[in-house]
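Trainee: Here is a sequence together with a model predicted from it:
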Amino acid sequence: MHPRLLPLFPLPLVLFPRAPLPLHIFEPRYRQLLADCLSSDRQFGVICHPESQAERGIELGTVGCVARIETAEQLPDGRSNILVSGGDRFRVLRLTPGATPYHIGEVDAYDDHPEPTAMLDPLADRLRDVFQRVGRSARAIADDASPLPELPEDPAAVSFSVAQYIDLDLEIKQELLTSRSPADRLRQLTELLDDVVPRIEQRAARHLRARGNGQGPHVEAG
């Protein structure tokens, strides 16, 4: 990506590459952003901007994620419900003055540094395993039989995919988005989930035992 102009939408969240994100558009300036995007390439940039920093502007150098509008439903009162998907990451070089009520930034591509697949594959496999263990336990506790989400084949993308599904502090999510090392992201998420695995698997086992108490005859194999 060469430097380009991109409408910017500051939100108190982090959008990751490939992740879906539903948004409710109600402020007049972002209604205008949506209309302008729908009439052009359907893309804008999501910047993490915590509500506690509402009075601060967008800092130069901030890393965000391109959002592509997949669907848009306009409501009778002018508000809209949209679904976007995360695209490439970018870095804000500067803000450009203009006639629009929303920010427009000059941004450039923000890609990972190359790392050998031979190193990334086992790290991604380890994260997939621990994610499945946590996910299966969480599903069991919630009595939810739905399948776990499929993770991408690309080891560099696995971290972003896992990060969108688990509960993390906003600062950690932005740290992951900003990291240019897939290996570091995979290790960090594996360590975070490793801390959760023993507790959540014990909770799931207790839940299954409690649910099974008194339900039907007990048969011992032998």
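Mentor: Thanks, I have it. Numbers count the residues shown, from 1 in each chain.
Trainee: all helices of this structure, in order?
Mentor: In the chain, the helices defined using DSSP state H lie at 28-38, 117-141, 155-165, 170-178, 182-212.
Trainee: okay, and for this protein, where does confidence drop off?
Mentor: Low-confidence segments of the chain (pLDDT under 70): 1, 52-56, 214-222.
Trainee: 50 - rerun?
Mentor: Applying pLDDT under 50 to the chain flags the ranges 214, 216-222.
Trainee: so the longest strand along the chain versus helix 170-178, what angle?
Mentor: Longest strand in the chain, counting residues (DSSP state E): strand 80-95. Relative orientation of strand 80-95 versus helix 170-178 (axes from the mean of the first three to the mean of the last three C-alpha atoms, to 10 degrees): 70 degrees.
Trainee: Please determine how far P122 is located from T190.
Mentor: With the distance defined as C-beta to C-beta, to the nearest Å, P122 ends up 11 Å from T190. Glycine gets a C-beta too; all of them are placed from N, C-alpha and C.
Trainee: Settle it for me: which of the two has more neighbours?
Mentor: Set P122 next to T190 and count neighbours by other C-beta atoms under 10 Å: T190 wins out with 20 against 11.
Trainee: if you skip the residues just before and after it, what's nearest to the more buried one?
Mentor: Once flanking residues are discounted, T190 sits nearest to L127: 4.8 Å by C-beta to C-beta, 6 or more residues apart in numbering.
Trainee: ditto for P149
Mentor: Per C-beta to C-beta, 6+ apart, closest to P149 is Y165, 6.2 Å.
Trainee: Just give the number of residues close to that neighbour.
Mentor: 16.
Trainee: From what I see, it and E150 are in contact.
Mentor: No: counting by C-beta atoms under 8 Å, Y165 sits too far from E150 to count as a contact (11.2 Å).
Trainee: quick revisit: indicate which one of the helices of the chain is closest to G78.
Mentor: helix 28-38 (6.2 Å; C-beta to C-beta).
Trainee: In that closest one, which residues are buried?
Mentor: Buried residues in helix 28-38, defined by neighbour count with 16 or more other C-beta atoms under 10 Å: 30-31, 33-34, 37.
Trainee: out of these, who's nearest I104?
Mentor: Using C-beta to C-beta, the buried residues of helix 28-38 come closest to I104 at L33, 9.4 Å.
Trainee: ok, the closest residue to that closest one other than its chain neighbours to T71 distance?
Mentor: Nearest residue to L33 in three dimensions, chain neighbours excluded: Y102, at 4.6 Å (C-beta to C-beta, 6+ apart). From Y102 across to T71, the span is 21 Å (C-beta to C-beta).
Trainee: okay, the two: which has more neighbours?
Mentor: More crowded of Y102 and T71, by other C-beta under 10 Å: Y102, with 19 against 9.
Trainee: since we're on the residue nearest to T190, how many residues are nearby?
Mentor: 26.
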